[in-house]
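>>> take a look and give me a structure for this.
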Amino acid sequence: MKGSLILSTALIALAITGCQRSGASEASAAAPDAAKVSAKAPIPNDVELDPAMLANIKVEAVRSESGRGNLSGTGKVQFNEDRTVRILAPLPGQVVDFQARVGDSIGKDQVLFSIKSREVASLVADYLESQRDLDLAQKTYIMNKDLFEHQAASRISFQQTENDLAKATTHVARGEEALRVLGIDPKEAAKDGGLRSLVPVRSPMAGTLIERNLTPGQYVQADSTALLTIADLSTVWVLVDVFERDIHLVRVGQNVQVVAAAYPNHRFPASVERISDKVDPDSRTLKVRLLVSNPEVLLKPEMFITSSLELSEGGAAISVPAGAVFTEDGKSYVFAAINDRRFERRLIVAAPDAEGRLRVTSGLHAGEKIVTDGAMLLDYRRKQRQE
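Numbering: from 1, shown residues only. The predicted structure follows:
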């Protein structure tokens, strides 16, 4: 009985050991299959086509072309603020002798209107009074000098007349300067005795009267309100929007040509005057200010520019057909030829150039061959190699 029990125990132990070894063998056999499922081979970067499939693609050599191209920019015409003046009232008073109208040509230093003011009358009266005081001080000085030289007057008396003459001279100079600041000739003011106390308001530059907030006889105040606006329209500003990806093609001082929708056959010479430091977060564009020659005054303020902005200068660059480039995850790629049948997917940096073409600034060199038609087919075949 005891021998039978020992034999049964041994058989059970052998059975358990066999099961463990069998399970371990099955687990080790299944491990390679699990590894194959969890680890995928990376997608290759190149693809090779059969001779029969080469007829479905088109391959061209990359060439370096002139950097001159068109930037699609839209904007509008504005007054050249550097050649625009706003006329303010130098002092309060009544407007007289005003006859200019909007659209009139204005000459430099032309009298636009005059202001009749009590303050001017007071300044002229003070000036004339200082002139009389100066005449008296000069006569008194001459008399006292003669008396002092003949020992008929004291030194203190003579020095007092010298001091009075100096003060009178200063008062006259101060009055003359106050009148000149207002544009009044002191000599002319002295001729009529201050009876016509008018301040002439002159134009500081030649141009065209473009805005008028003034009527004859109107009373004005000496504040920041512009009464007249004069602009030199021989040059204007054109503000165009340039995409941030293209802004590297534009520089200050660069010669450009502008075409307006109103004059499709007329090219206006211009130059880049300023590039904005701020990018519009919605349109991703920057404002570029052009100084445009406008001798015939064809370009009008607020006129929209709907044509392209043509860059007149630029170095050689690589330009490829837009169909040669495809995008994946926000990046641009082309397929460059390694040999007659094998092609490599190449990362590039490209920006719009002329219509239907892209300017490549990185990733390609002149002389290389790329697939210009059928690039998506090659990318599909490349991805199939993973399966």
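>>> how about the strands of the stretch 101-250 of the chain, start to end?
For the stretch 101-250 of the chain, the strands defined by DSSP state E, counting those that start in this stretch cover 105-106, 111-116, 198-202, 207-212, 219-220, 228-231, 235-243.
>>> with mean pLDDT, mean neighbour count and distance to residue 179 added, can I get those in CSV?
Heads up, the C-betas are built off the backbone N, CA and C, glycines and all. CSV is the format used below for the strands of the stretch 101-250 of the chain (pLDDT from 0 to 100; neighbours: other Cβ atoms under 10 Å; distance: least, Cβ to Cβ, whole Å):
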stretch, mean pLDDT, mean neighbour count, distance to residue 179
strand 105-106, 94, 16, 24
strand 111-116, 89, 20, 14
strand 198-202, 85, 19, 9
strand 207-212, 93, 18, 27
strand 219-220, 90, 16, 20
strand 228-231, 95, 22, 23
strand 235-243, 89, 21, 36
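>>> could you dump those to CSV with distance to residue 282?
Listed next are these as CSV, based on distance: least, Cβ to Cβ, whole Å:
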stretch, distance to residue 282
strand 105-106, 41
strand 111-116, 43
strand 198-202, 44
strand 207-212, 32
strand 219-220, 43
strand 228-231, 31
strand 235-243, 11
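>>> give me the number of residues near residue 215?
Using other Cβ atoms under 10 Å, residue 215 has 9 neighbouring residues.
>>> wait, what's in contact with it?
95, 98 (Cβ atoms under 8 Å, 6 or more residues apart in numbering).
>>> just to revisit the earlier point, out of the strands of the stretch 101-250 of the chain, the one nearest residue 48 is which?
strand 235-243 (37.9 Å; Cβ to Cβ).
>>> buried residues of stretch 336-352, list them for me.
336, 337, 343, 344, 345, 346, 348, 350, 351, 352 (16 or more other Cβ atoms under 10 Å).
>>> quick check: bridge partners of the nearest residue to residue 118 once chain neighbours are set aside?
Distances taken as Cβ to Cβ, 6 or more residues apart in numbering put residue 93 closest to residue 118, at 7.4 Å, once the chain neighbours are dropped. Per DSSP bridges, the residues bridged to residue 93 are residue 220.
>>> for residue 221, see how far away residue 93 is.
Using Cβ to Cβ, to the nearest Å, we find residue 93 at a distance of 9 Å from residue 221.
>>> residue 77 contacts residue 303, doesn't it?
Yes - if you go by Cβ atoms under 8 Å, residue 77 and residue 303 touch, sitting 4.5 Å apart.
>>> give me the more crowded residue out of these two.
residue 77 (24 against 18).
>>> next, count neighbours for residue 56.
11.
>>> which ones are touching the nearest residue to it once chain neighbours are set aside?
Spatial nearest neighbour of residue 56, excluding adjacent residues (Cβ to Cβ, 6+ apart): residue 374 at 5.5 Å. For residue 374, the contacting residues are 56, 57, 58, by Cβ under 8 Å, 6+ apart.
>>> before we move on, what about residue 131?
By Cβ under 8 Å, 6+ apart, the contact set of residue 131 is 172, 175, 190.
>>> okay, and the common contacts of residue 77 and residue 303?
In contact with both residue 77 and residue 303: residue 260, using Cβ under 8 Å, 6+ apart.
>>> pLDDT weak spots in this structure?
1-41, 65-72, 189, 192-196, 307-316, 352-355, 386-387 (pLDDT under 70).
>>> okay, helices next: where are they in it?
2-38, 118-149, 155-181, 186-191, 375-384 (DSSP state H).
>>> on that earlier part again, and the contacts of residue 374, which is closest to residue 149?
Among those, and counting by Cβ to Cβ, the member closest to residue 149 is residue 58, at 112.1 Å.
>>> how about the closest one: what's its closest non-neighbour residue?
Residue 58 sits nearest to residue 373 (Cβ to Cβ, 6+ apart), 3.7 Å away.
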